[in-house]
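*Asks:* Here is the input, now give the coordinates:
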Amino acid sequence: GIKKVLGSGRFMLAFQFIFETYLLVAVAFVLAFGLLAILLPQFNTTFNRNISLTMPFETEVLPYVIGVFCVLGFVCGIYPAMFLSGFRPLAMLKGERTSQAGGGPGIRRILVVFQFTVSLALIAGTLIVSSQIDFIRKRDRGFSAEQTVYVPLRFAGLNISPETIREELQAQEGVSEVSFSSSVIGKQQTFLQSAVYPVVAQGDTELRYSMPNAGIDPQFLSAMKLRLLEGRNFALGLPDTVDEFIINETTTKILNEKNPLGMRIKVANPLSPKPREGQIVGVLADFNFASLHHVVEPFIFLNDSRTFGYVYIRVTPEDLPSLRARWMQLLPGTPFDYRFLDDDFNETYAEELKLSSLMNYFSVLAIFISCLGLWALAAFSVERKKKELGIRKVLGASVVGLVSQQLKQYLWFIGVALIFAVPLCVY
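*Replies:* Purely as a prediction, here's the structure:
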């Protein structure tokens, strides 16, 4: 008001406000860069990134940084500059500006509700992601991967049978189970996809289904602790020319058979143009042969040692060196490139774990910013109502009553923000 009385024009006052805003934004950028220097190493470690501290100054990134600086300073400064520079000097000197500063209560309420909506949405999103991660960690996958390694093994050109390998490795200290499979359990891309169709009488309609399958040995079910609901396991010593099949629960629903044991089916054979025909001898409880991103699909196990490509070994970690030495003696031309099944599981859901960590960081930041905004609004409101609160106090109002009166409007803000945040979270 005094500056206007002394002759300052509206443009000059607006320029001053915008210039001061740019100074504040510049200070904020400096503080943000200092905070970045502190947090960036932890960020790179948590999310497996290699972001350099000099990245904002690189040729490709610097124009965006300058653009953000210019836009942020202009957006933050233009409204208060145009609003405050438009006051009438007489009204400002009389103190009437305090009843309108900040653009009135409507703008403040909208901004506060928007801030609370974003914060509540981030908090809810964090809780949802955390619950999903907790579900993944605690979910019973239907098999046991504890202390189990798998090693790629191709029998072509080897003068040794799976039975000999099993006997030799199982004799090692710390090894409790050895079994073979054509695929890696938990990795859907390693399973074959074949046509499966029931054997029907001449003239009946033949139904075909496409489902993943894997060849295993009789020890695989016990090694992976897969639960057999009906029927039996594959017979020991069964030749590859005699076909038996074990299916999961979901397959029984697809085949529309309440008692599929003994049912004869055909499975397309990748090793021969002629399909394999045999009977179903067992039904397994459903297990997640793929990741938990997918529902449990129909699945079928075959007894076919010709398809074996992996050996599964349940071994204590401290006995791995001696197991490696025995492996190299037994199979000198085959590397012992083992992997733990649990490591595969953790890698499969690594992105979800990173997302959960990122959501936690952003939620803490959102809560902090919301608290700053709420504190600023409360301080502004109390400053405006200082005389009113003093009069109420003189007239006998209690501290609890005054605090409750002030809290009502903030609870209203949170309630409205919750109404907007719930549909956002559901979406």
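
*Asks:* Which pLDDT value belongs to the closest residue to residue 158 other than its chain neighbours?
*Replies:* Closest residue to residue 158 apart from its sequence neighbours, by CB to CB, 6 or more residues apart in numbering: residue 331 at 7.2 Å. Quick note: C-beta positions are derived from backbone N, CA and C, even for glycine. pLDDT for residue 331: 86.

*Asks:* what do you get for residue 66?
*Replies:* 90.

*Asks:* So which other helices or strands are in contact with the strand or helix carrying it?
*Replies:* Assigned by DSSP states H and E, residue 66 falls within helix 62-84. In terms of contacts (3 or more CB pairs under 8 Å, 6 or more residues apart in numbering; DSSP states H and E), helix 62-84 is packed against helix 10-47.

*Asks:* what about stretch 320-340, how long is it end to end?
*Replies:* Taking CA to CA, to the nearest Å, stretch 320-340 runs 11 Å from one end to the other.

*Asks:* Which positions within it qualify as buried?
*Replies:* Neighbour-count burial for stretch 320-340 flags 320, 323, 326-327, 331, 334, 336, 338, 340 (criterion: 16 or more other CB atoms under 10 Å).

*Asks:* again, but for stretch 279-296
*Replies:* Those would be 279-284, 286-290, 292, 296, for stretch 279-296 by 16+ other CB under 10 Å.

*Asks:* repeat for stretch 148-160
*Replies:* Quick answer for stretch 148-160 (16+ other CB under 10 Å): 148-151, 153, 155.

*Asks:* check contacts around residue 222.
*Replies:* 177, 179 (CB atoms under 8 Å, 6 or more residues apart in numbering).

*Asks:* Check the gap between it and residue 56 for me.
*Replies:* Applying CB to CB, to the nearest Å, the value for residue 222 to residue 56 is 57 Å.

*Asks:* quick revisit: in helices only, show me the buried residues of stretch 320-340.
*Replies:* 320, 323, 326-327 (DSSP state H).

*Asks:* From those, pick the one nearest residue 118.
*Replies:* Nearest to residue 118, judged by CB to CB, of these is residue 320 at 49.4 Å.

*Asks:* since we're on residue 246, how many residues are nearby?
*Replies:* Residues near residue 246, counting by other CB atoms under 10 Å, number 25.

*Asks:* And residue 352, how far from residue 420?
*Replies:* Taking CB to CB, one finds residue 352 at 27 Å from residue 420.

*Asks:* now do residue 347
*Replies:* For residue 347, the distance to residue 420 equals 38 Å [CB to CB].

*Asks:* higher neighbour count, those two?
*Replies:* Per other CB under 10 Å, whichever of residue 347 and residue 420 has more neighbours is residue 420, with 15 against 10.

*Asks:* My understanding was that that one contacts residue 117; is that so?
*Replies:* Yes - at 4.5 Å, residue 420 counts as touching residue 117 under the criterion of CB atoms under 8 Å.

*Asks:* could you redo the buried residues of stretch 148-160 as JSON lines and give each row distance to residue 183?
*Replies:* Shown next, in JSON lines, are the buried residues of stretch 148-160 (distance: CB to CB, whole Å):
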{"residue": "148", "distance to residue 183": "14"}
{"residue": "149", "distance to residue 183": "15"}
{"residue": "150", "distance to residue 183": "10"}
{"residue": "151", "distance to residue 183": "14"}
{"residue": "153", "distance to residue 183": "13"}
{"residue": "155", "distance to residue 183": "15"}
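
*Asks:* which one of these is nearest residue 360?
*Replies:* Nearest member of those to residue 360, counting by CB to CB, is residue 148, at 31.2 Å.

*Asks:* what's across from the closest one in the sheet?
*Replies:* residue 314 (DSSP bridges).

*Asks:* So it is in contact with residue 312, correct?
*Replies:* Yes - if you go by CB under 8 Å, residue 148 and residue 312 touch, sitting 6.1 Å apart.

*Asks:* what do these two both touch?
*Replies:* 177, 223-224.

*Asks:* Among the residues you listed, which lie within helices?
*Replies:* residue 223.

*Asks:* and which of the shared contacts of residue 148 and residue 312 is nearest residue 305?
*Replies:* Within the shared contacts of residue 148 and residue 312, proximity to residue 305 (CB to CB) peaks at residue 223, which comes in at 15.4 Å.

*Asks:* contacting residues for the closest one?
*Replies:* By CB under 8 Å, 6+ apart, the contact set of residue 223 is 148, 177-179, 312, 314.

*Asks:* how about a cut-off of 10 Å?
*Replies:* 143-144, 148, 176-181, 216-217, 312-314 (CB atoms under 10 Å, 6 or more residues apart in numbering).

*Asks:* Selecting buried members of the residues you listed in ChimeraX, what would you type?
*Replies:* Those of these that count as buried under 16+ other CB under 10 Å are selected in ChimeraX with:
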select :143,148,177,178,179,180,181,216,217,312,313,314
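
*Asks:* Give me the subset of the contacts of residue 223 that lies in strands.
*Replies:* Taking DSSP state E, the ones among those that sit in strands are 148, 176-181, 312-314.

*Asks:* thinking again about what came up before, as CSV, the buried residues of stretch 320-340 with distance to residue 380 would be great.
*Replies:* Output for the buried residues of stretch 320-340, formatted as CSV (distance: CB to CB, whole Å):
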residue, distance to residue 380
320, 65
323, 70
326, 75
327, 73
331, 76
334, 74
336, 69
338, 64
340, 58
